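**Q** this is the structure alone, sequence omitted:
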């Protein structure tokens, strides 16, 4: 697979320094955590995205993110890319992130666009889960 | 040791230096460049001599008459010629053909084409180890069966079919038996004077010869007949027209001569490396060997690393050239049809890597790869939510997955 340099770098950094790159998990039942799991093992990719949120002004802000991803190199790079995009955003802003933003940031090849779609889905699921707790 | 390390010998092999030397002698003005079909001058005679010597070497490796060898452009063309050529010639006798679900695409796609022409194809299921049992072939025969096409060694898992036993069954029933032996030459001894095989496909580039050249064996006793697929000049006794590519043919001949010479020693060494490799990783958790452990050709190691996706493992195994049954490495985004036919769950097919060891693989390269595999699988499992779930004892089959 001819990946862009960005995908390769993101993948390798995540692989070699997982903690520094927000790989991990929190207890999904904690009240300040929203969890979104998307994909299926049979399809070859599963992403679990977790957002840690705190109320600020009239909204809630994502203060930290953790994830784990099973999937191809671009799936792992896409979820890792999400981390930088999400931290500091309000839930409303987070919901505005589109798969195209991720695909563009990583120069994903057309055949790998579904990885960015999956990443977008994981945001919605995680936000939905957190919102159900507040 | 040089990086990257090539462990994809089932995909293709580098040409042996002895082969390259021979080929170079057949290209330029001061070399053997003539057209073997030119009957009017020495350039042609000399070129014909070279292609006939090469034919002899190919015949010697598989123990048949050189007149039973037809040059083609590769095993794909041989498969096409054998299957479509035989089916179209014998179509008045019947329209039923038997093959298996784990054949190479050259066989499967040829069969699909024949289906469009009105033939009826049975695709046999292998057992969970990847073997097509002779009994299954016998049970599947019909009165109108004209052709059985099965591979000798499977290209993904290296499993070996009992073509001797299957040949006994087809010959007794008067049915043509074609064997795709693209992976076999130099890996397993083939004796066509004993095997009751009517048609066999060979490739040069899987046996340290050049790409773009192959051969097809067509039995003379009993005589199998074919409808030619390529017309124009009546070369190769009318079975395959086209000017013979002297340098390619000489390369294949030399590759097969060397294969006969070096086979025993090569295989002993390759087997040792394969066993060393498997023994060094089989203690890892959730690691599965795909395909039969006993009936297997040297050099193949197809392994599933559960909860790790194959393409990401290939990326982590930077500097190691291998291939995967993962969907993400295929254009179709489907996981390996071979592994699925074995009954593997999709996720195990996604997690598979084929390591294929060959003539030029060194012990040092295998050791380097072992360490990298162990380290990379562990790292990717740290990243894998499925690994967490497995460790937490979650039953993943009970989960309703949100499809992406």
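**A** That came in fine, so what should we check first? Computed from a predicted model, the values in this text were never measured in an experiment. Numbers count the residues shown, from 1 in each chain, chains lettered A, B, ... in the order given.
**Q** helices along the stretch 101-250 of chain B, start to end?
**A** Taking DSSP state H, counting those that start in this stretch to define them, one finds helices in the stretch 101-250 of chain B at B:105-116, B:134-140, B:163-173, B:246-281.
**Q** so for the last one, what gets flagged as buried?
**A** Along helix B:246-281, the positions that meet the burial threshold by neighbour count (16 or more other CB atoms under 10 Å in any protein chain shown) are B:246-260, B:262-263, B:266-267, B:269-270, B:273-274, B:277-278, B:280-281. Where you see a C-beta, it was placed from the backbone N, CA and C, and this is true even at glycine.
**Q** find the nearest non-adjacent residue to residue B:111, please.
**A** Using CB to CB, 6 or more residues apart in numbering or on different chains and skipping the chain neighbours, the partner closest in space to residue B:111 is residue B:121 (4.8 Å).
**Q** what's opposite the one you found in the beta bridge?
**A** The residues listed as beta-bridge partners of residue B:121 by DSSP bridges are residue B:97.
**Q** got a list of what it touches?
**A** Residues in contact with residue B:121, defined by CB atoms under 8 Å, 6 or more residues apart in numbering or on different chains, are B:96-99, B:111-112, B:114-115.
**Q** if we use 6 Å, what do you get?
**A** By CB atoms under 6 Å, 6 or more residues apart in numbering or on different chains, the contact set of residue B:121 is B:97, B:111, B:115.
**Q** angle of the host helix or strand of residue B:20 against helix B:246-281?
**A** Using DSSP states H and E, residue B:20 maps to helix B:17-24. Angle, helix B:17-24 to helix B:246-281, by axes from the mean of the first three to the mean of the last three CA atoms, to 10 degrees: 160 degrees.
**Q** which strands and helices lie in contact with helix B:17-24?
**A** In terms of contacts (3 or more CB pairs under 6 Å, 6 or more residues apart in numbering or on different chains; DSSP states H and E), helix B:17-24 is packed against helix B:246-281.
**Q** next, the spatially most central residue of chain B: phi, psi?
**A** A centroid search over chain B (CA atoms, centre = their mean) returns residue B:183, at 3.5 Å, as the residue closest to the centre. Backbone geometry at residue B:183, expressed as degrees, to the nearest 10, gives phi -90, psi -10.
**Q** list the contacts for it?
**A** Taking CB under 6 Å, 6+ apart as the test, what residue B:183 contacts is B:153, B:155, B:206.
**Q** regarding chain A, what is its longest helix?
**A** Determined from DSSP state H, the single longest helix within chain A is helix A:113-131.
**Q** what's stretch B:210-228 in contact with?
**A** By CB under 6 Å, 6+ apart, the surrounding residues in contact with stretch B:210-228 are B:15, B:58, B:64, B:68-75, B:78, B:81-82, B:85-86, B:88-89, B:176, B:198-205, B:238-239, B:248, B:251-252.
**Q** which single residue of the stretch 101-250 of chain B ends up nearest chain A?
**A** residue B:156 (17.2 Å; CB to the nearest CB).
**Q** counting neighbours, what do you get for the closest residue to residue B:118 other than its chain neighbours?
**A** Distance criterion CB to CB, 6+ apart; nearest residue to residue B:118, sequence neighbours excluded, is residue B:95 at 6.3 Å. Other residues near residue B:95 come to 20 when the count uses other CB atoms under 10 Å in any protein chain shown.
**Q** tell me the spacing between the residue nearest to the centre of chain B and residue B:218.
**A** Counting by CB to CB, to the nearest Å, the gap between residue B:183 and residue B:218 amounts to 20 Å.
**Q** next one: residue B:231
**A** Counting by CB to CB, the gap from residue B:231 to residue B:218 is 17 Å.
**Q** among the two, which residue is more densely surrounded?
**A** Between residue B:231 and residue B:218, residue B:218 has the larger neighbour count (other CB under 10 Å), namely 26 against 10.
**Q** show me what that one bridges to in the sheet.
**A** Assessed by DSSP bridges, residue B:218 has beta-bridge partners residue B:199.
**Q** do you know the pLDDT at it?
**A** As predicted, residue B:218 sits at a pLDDT of 98.
**Q** excluding chain neighbours, what is closest to residue B:78?
**A** Leaving out its chain neighbours, residue B:78 is closest to residue B:201 (CB to CB, 6+ apart), at 3.5 Å.
**Q** what sits against the one you found?
**A** B:75, B:78-79, B:180, B:182, B:216.
**Q** where does pLDDT dip in chain A?
**A** Within chain A, the stretches with pLDDT under 70 are A:1.
**Q** again, only this time at 90
**A** A:1-3, A:42-43, A:57-58, A:84, A:110-111, A:134 (pLDDT under 90).
**Q** so which residues on it come close to chain B?
**A** Within chain A, the positions adjacent to chain B are A:11, A:15, A:18, A:23, A:38-42, A:44, A:46, A:48, A:68, A:70-73, A:76, A:118 by CB under 6 Å from any CB of the partner chain.
**Q** mind listing the helices for chain A?
**A** Using DSSP H, helices in chain A cover A:5-16, A:73-86, A:91-95, A:99-106, A:113-131.
**Q** the longest one packs against which elements?
**A** Packed against helix A:113-131 by the contact rule (3+ CB pairs under 6 Å, 6+ apart) you find strand A:33-40, strand A:45-56, helix A:73-86, helix A:91-95, helix A:99-106.
**Q** who are the neighbours in contact with residue 15?
**A** If you meant another chain, say so; for now it's chain A. With contact set as CB under 6 Å, 6+ apart, residue A:15 has these partners: B:316, B:379.
**Q** you looked at the wrong chain, it should be chain B
**A** Counting by CB under 6 Å, 6+ apart, residue B:15 has contacts B:208, B:210.
**Q** returning to that earlier point: so what pLDDT did the residue nearest to the centre of chain B get?
**A** For residue B:183, the predicted pLDDT is 98.
**Q** ok, back up a step: format the helices of the stretch 101-250 of chain B as a markdown table; extra columns: distance to residue B:326 and mean pLDDT.
**A** As requested, the helices of the stretch 101-250 of chain B are exported to a markdown table (distance: least, CB to CB, whole Å; pLDDT from 0 to 100):
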| stretch | distance to residue B:326 | mean pLDDT |
| --- | --- | --- |
| helix B:105-116 | 17 | 98 |
| helix B:134-140 | 29 | 98 |
| helix B:163-173 | 30 | 98 |
| helix B:246-281 | 18 | 98 |
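**Q** between the ones you listed, which gets nearest to residue A:63?
**A** helix B:246-281 (41.1 Å; CB to CB).
**Q** next to chain A, which bits of the stretch 251-400 of chain B? Give me the list.
**A** With CB under 6 Å from any CB as the criterion, the stretch 251-400 of chain B comes near chain A at residues B:309, B:311-312, B:315-316, B:327-328, B:346-347, B:350, B:379, B:382-386.
**Q** in helices, which of those appear?
**A** Among these, the members that lie in helices (by DSSP H) are B:311-312, B:315-316, B:346-347, B:350, B:379, B:382-383, B:385-386.
**Q** closest one of these to residue B:130?
**A** For these, the nearest to residue B:130 is residue B:346 (17.0 Å; CB to CB).
**Q** circling back to that earlier point, I'd like the contacts of residue B:183 written out as CSV, with distance to residue A:31 and pLDDT added.
**A** Below are those laid out as CSV (distance: CB to CB, whole Å; pLDDT from 0 to 100):
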residue, distance to residue A:31, pLDDT
B:153, 59, 98
B:155, 54, 96
B:206, 60, 98
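**Q** among the residues you listed, which are located in strands?
**A** Using DSSP state E, no member of the contacts of residue B:183 sits in strands.
**Q** redo these as CSV? Include distance to residue B:168 and neighbour count.
**A** Compiled in CSV, the contacts of residue B:183 are given as follows (distance: CB to CB, whole Å; neighbours: other CB atoms under 10 Å in any protein chain shown):
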residue, distance to residue B:168, neighbour count
B:153, 19, 27
B:155, 25, 22
B:206, 27, 28
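**Q** which one of these is nearest to residue B:303?
**A** Checking the contacts of residue B:183 against residue B:303 with CB to CB, the nearest one is residue B:155 at 15.8 Å.
**Q** burial count for the nearest residue to residue B:362 once chain neighbours are set aside?
**A** Counting by CB to CB, 6+ apart, residue B:362 lies nearest to residue B:1, which is 7.0 Å off, once chain neighbours are set aside. Using other CB under 10 Å, residue B:1 has 8 neighbouring residues.
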